[in-house]
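Peer 1: I would like the atomic coordinates for the input below:
(one chain, ligands or ions: 2)
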Amino acid sequence: MDTNRTENAAAETWRARPAKQQPQWPDPAALQTAVAELRSYPPLVFAGECDLLKDRLAQVARGEAFVLQGGDCAETFEGVTADAIRNKLKTLLQMAAVLTYAGSVPVVKIGRIAGQYGKPRSKDTETRDGITLPAYRGDSVNGFEFTAESRVPDPWRMVRMYHSSSATLNLVRAFTTGGYADLHQVHAWNRDFVASSPSGKRYEMLASEIQRALDFMRACGVDPEETRTVEFFSSHEGLLLEYEAALTRTDSRTGSLYNTSAHFVWIGERTRDLDGAHLEYFSKISNPIGIKLGPSTTPDDALAYLNRLSPQREPGRLTFIIRMGAGVIRDKLPALVEKVTAEGHQVAWICDPMHGNTFEAPSGHKTRRFDDVLDEVKGFFEVHRALGTHPGGIHMELTGDDVTECVGGGHEIAFGDLATRYESACDPRLNRSQALDLAFLVAEMYRS
Ligand code: PEP
Ligand code: MN
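Peer 2: Numbering: from 1, shown residues only. Ligands and ions are numbered 1, 2, ... in the order given. Sure, this is the predicted structure:
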C-alpha cells in the first residue's frame, strides 16, 4: 500500500458532480485543515484484505456463500466502548454460527462497524416544540443534542471518526483473531440463548444438531484453526465524500485506488443518482462495493448501475442491497433479478429488511415490527427460490444490547416498551435477542 500523501486526481473527480447529503461545512479553511490531517493518516484496512472480501463476495454471487452484514444504524463516539463493541461482535458471531450450520455454506461476516458515522436524512431540519434546527447528520458531522450550537457541522468530527474507527477496528481484530471467536465458545453462547429465550424451545433441535456436529469433529480429532478465528470485515455507507476521498490511497501492488477506511462501502438509497458525485467516486475505487436499491428502482436502473460500477463484470465487485419493504418486495424484486440475470451479470443479492419497514409508533418513536422484518426476508427468499437464483445474504441494523427499539420478537416488545431503552441515534435496531431470533428463523428458511 502506497501511503504517500499526495492527492490522486482520480479520487477527486466526484467534485465536478452534484453531491447529495453533504454537510454545509461553515468554515472552508477548517475543512481543508481537517482533510489534510486525514490524508496524513495511515490506512485503516489494506487493499489485500479488500480483495479477499471481493473473492468472498464472488462466492456469494456464484451461490456458494451467504453474507451476514450488521451493526448500528449510526455508530456514536460515545458508543466506542469495549462492552458495546464486544456485545455487537458476539451477536454477529452467534448469528453467523447458526446460519453457517443451517445453510452448510460459508457465512461472510461484515460489520456495519468502525466507520458507520455519517447519516443521510430525509429532511434537512428537525423541529421540536416549535424550534427548528439543522438535522443531526451523524457524529462525524454534528452533535445529536438538540441545540443550535451542537448542530453546526464541525469537520474535526471526521478526524474523530477516523480515530474512533481505528480504535474499534483494533478491538475487533483482537477479538476475532485472539480466541474470543472460538466456535465452541460461540456455540455455548447460543445454547445459553436457547435456554433463556421465550422462543428458544423452537431452536433447541437446531442447537443440539450443531452441538453434535462439534462433538463429532472433536471425537474425530478434527480441530481446525478455522474454528478458532474468524474472518471479519468492516463496512459503512460511503456518504461523506470528503472523508472517503481523504482515506483513498493508491495500492502500490497494482496502482489501483482503494478506499482504506473500510473493506466494503456502500451507496445509500438517497445518493444513488447515476450522474451524481457518489457514483462517480465509487466508480474509481477497487473495493467491493454495495448499492442500496429501494422500491423505485427499475430493472434498467439496476443494469445502469452494473455498467457504471462494474464494467468489467467482475463477480464480487458489486452487491445489490435490496430494501423494498415487506409489502412490496414480492412485486418489485423479480423484475430486477430477471433482467440482471438475463443480461448475464453475476451479482450478490442481499436483503436489507429494515429500511423499507420503518414507521412512527404512537409514542413518536421511529420503530419497525419484527414480523415485517422477517416477512421481507421471507419474500426475498421466495423470489430467489422461484427464479432459481441465490438469496445471498441479509443486512441488518442490530446491537448486542437489550434495547427496546423494534416491536415484537421473542420477548414481545410492545409500543409502550419503546421508551424503556431507546438508545439509537438514528434508526431502530434489533436488540440482541431479536437478532438471534431472526438468525434462527432465517436458518429455518434457508433449510426449507
Ligand atoms: C442505512 O443503511 O442506515 C440507510 C440510511 O439506508 P438507506 O440508504 O437504504 O435508506
Ligand atoms: Mn438506518
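Peer 1: neighbours around the closest residue to ligand 2 within the stretch 1-150 of the chain, how many?
Peer 2: Closest approach between the stretch 1-150 of the chain and ligand 2, counting by CB to the ion: Cys73, at 3.4 Å. Placement of C-beta: from N, CA and C, glycine included. The burial count assigned to Cys73 is 23, neighbours taken as other CB atoms under 10 Å.
Peer 1: so Glu360 touches Thr367, yeah?
Peer 2: Yes. Contact criterion CB atoms under 8 Å: Glu360 and Thr367 qualify, at 7.4 Å.
Peer 1: wait, Phe66 touches Val98, no?
Peer 2: No. Judged on CB under 8 Å, Phe66 makes no contact with Val98 at a distance of 11.3 Å.
Peer 1: the two: who's more crowded?
Peer 2: Val98 (29 against 25).
Peer 1: now do the SS call for the more buried one.
Peer 2: Applying DSSP: H, G, I helix; E, B strand; the rest coil to Val98 yields a three-state assignment of helix.
Peer 1: so who does it touch?
Peer 2: Contacts for Val98 (CB atoms under 8 Å, 6 or more residues apart in numbering) come out as 190, 206, 210, 436, 439-440, 443.
Peer 1: so of these, which ones are in strands?
Peer 2: Among the contacts of Val98, the subset assigned to strands under DSSP state E is empty.
Peer 1: returning to what we had before: for Glu360 and Thr367, indicate the residue with more neighbours.
Peer 2: With neighbours defined as other CB under 10 Å, Glu360 and Thr367 compare such that Thr367 has more, 23 against 9.
Peer 1: contacts for the helix or strand encompassing that one, please.
Peer 2: Here Thr367 sits within strand 366-368, counting by DSSP states H and E. Here strand 366-368 makes contact (CB under 8 Å, 6+ apart) with 354, 357-361, 405-407, 415, 418, 427-428.
Peer 1: among those, name the buried ones.
Peer 2: If you count burial by 16 or more other CB atoms under 10 Å, the buried members of the contacts of strand 366-368 come out as 354, 357-358, 361, 405-407, 418, 427-428.
Peer 1: near ligand 1, which of those show up?
Peer 2: Asp427 (CB under 6 Å from any ligand atom).
Peer 1: how close does the residue nearest to Phe77 when sequence neighbours are not counted get to Lys20?
Peer 2: Nearest residue to Phe77 in three dimensions, chain neighbours excluded: Asp139, at 5.0 Å (CB to CB, 6 or more residues apart in numbering). Using CB to CB, to the nearest Å, Asp139 is found at 20 Å from Lys20.
Peer 1: those two: who's more crowded?
Peer 2: Neighbour tally, Asp139 and Lys20, criterion other CB under 10 Å: the higher count belongs to Asp139, 25 against 15.
Peer 1: circling back to that earlier point, and the residue nearest to Phe77, what is it in contact with?
Peer 2: 74-77, 117, 157, 160-161, 164, 425.
Peer 1: and of these, the nearest to ligand 1?
Peer 2: Nearest to ligand 1 out of the contacts of Asp139 is Ala74 (CB to the nearest ligand atom; 7.3 Å).
Peer 1: that closest one is in contact with Tyr117, isn't it?
Peer 2: Yes. Between Ala74 and Tyr117 there is a contact under CB under 8 Å: 6.8 Å.
Peer 1: all strands for this structure, in order.
Peer 2: 66-71, 107-112, 125-128, 131-134, 232-237, 248-250, 257-259, 264-267, 289-293, 318-322, 348-351, 358-360, 366-368, 393-397.
Peer 1: the contacts of strand 366-368: which two are farthest apart?
Peer 2: For the contacts of strand 366-368, the farthest-apart pair by CB to CB is Met354 and Phe415; their separation is 18.2 Å.
Peer 1: interface residues of the stretch 151-300 of the chain facing ligand 1?
Peer 2: Residues of the stretch 151-300 of the chain found near ligand 1 (CB under 6 Å from any ligand atom) are 237, 268-270, 292.
Peer 1: who wins for most neighbours among these?
Peer 2: Neighbour counts for those, by other CB under 10 Å, peak at Glu237, which reaches 28 neighbours.
Peer 1: pretty sure that residue contacts Tyr117?
Peer 2: No. Between Glu237 and Tyr117 there is no contact under CB under 8 Å: 9.4 Å.
Peer 1: what distance do you get for Ile291 to Gly400?
Peer 2: From Ile291 across to Gly400, the span is 27 Å (CB to CB).
Peer 1: compare these two (neighbour count), which wins?
Peer 2: Neighbours were counted for Ile291 and for Gly400 using other CB under 10 Å; Ile291 has more, 25 against 21.
Peer 1: can you pull the contacts of that one?
Peer 2: 266-267, 272, 282, 305, 309, 318-321.
Peer 1: what of Phe440?
Peer 2: Counting by CB under 8 Å, 6+ apart, the residues that Phe440 touches are 98, 202-203, 206.
Peer 1: restricted to helices, list these.
Peer 2: Of the contacts of Phe440, the ones assigned to helices by DSSP state H are 98, 206.
Peer 1: can you redo the contacts of Val98 as CSV with pLDDT?
Peer 2: Formatted as CSV, the contacts of Val98 follow (pLDDT from 0 to 100):
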residue, pLDDT
Asn190, 89
Leu206, 86
Ile210, 89
Leu436, 94
Ala439, 95
Phe440, 93
Ala443, 93
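Peer 1: what is the nearest of those residues to ligand 1?
Peer 2: Ala439 (19.2 Å).
Peer 1: for the chain, which segments are assigned as helices?
Peer 2: 28-40, 47-61, 82-103, 156-177, 183-196, 204-219, 241-246, 277-284, 299-309, 329-342, 370-387, 432-447.
Peer 1: okay, those, which one's buried deepest?
Peer 2: helix 241-246 (a mean of 25; mean count of other CB atoms under 10 Å).
Peer 1: for it, enumerate the helices and strands it packs against.
Peer 2: Using 3 or more CB pairs under 8 Å, 6 or more residues apart in numbering; DSSP states H and E, the elements in contact with helix 241-246 are helix 28-40, helix 156-177, helix 277-284.
Peer 1: pull the CA atoms of that helix into CSV?
Peer 2: C-alpha atoms of helix 241-246 as CSV (Å, rounded to 0.1, in the frame of the first residue of the first chain):
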residue,chain,number,x,y,z
LEU,A,241,-17.1,12.2,0.3
GLU,A,242,-14.5,14.5,1.9
TYR,A,243,-13.8,11.7,4.4
GLU,A,244,-13.9,8.9,1.9
ALA,A,245,-11.6,10.7,-0.6
ALA,A,246,-9.1,11.6,2.1
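Peer 1: could the helices and strands packed on helix 241-246 go into CSV alongside mean pLDDT and distance to Ala348?
Peer 2: Formatted as CSV, the helices and strands packed on helix 241-246 follow (pLDDT from 0 to 100; distance: least, CB to CB, whole Å):
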stretch, mean pLDDT, distance to Ala348
helix 28-40, 98, 30
helix 156-177, 97, 22
helix 277-284, 98, 16
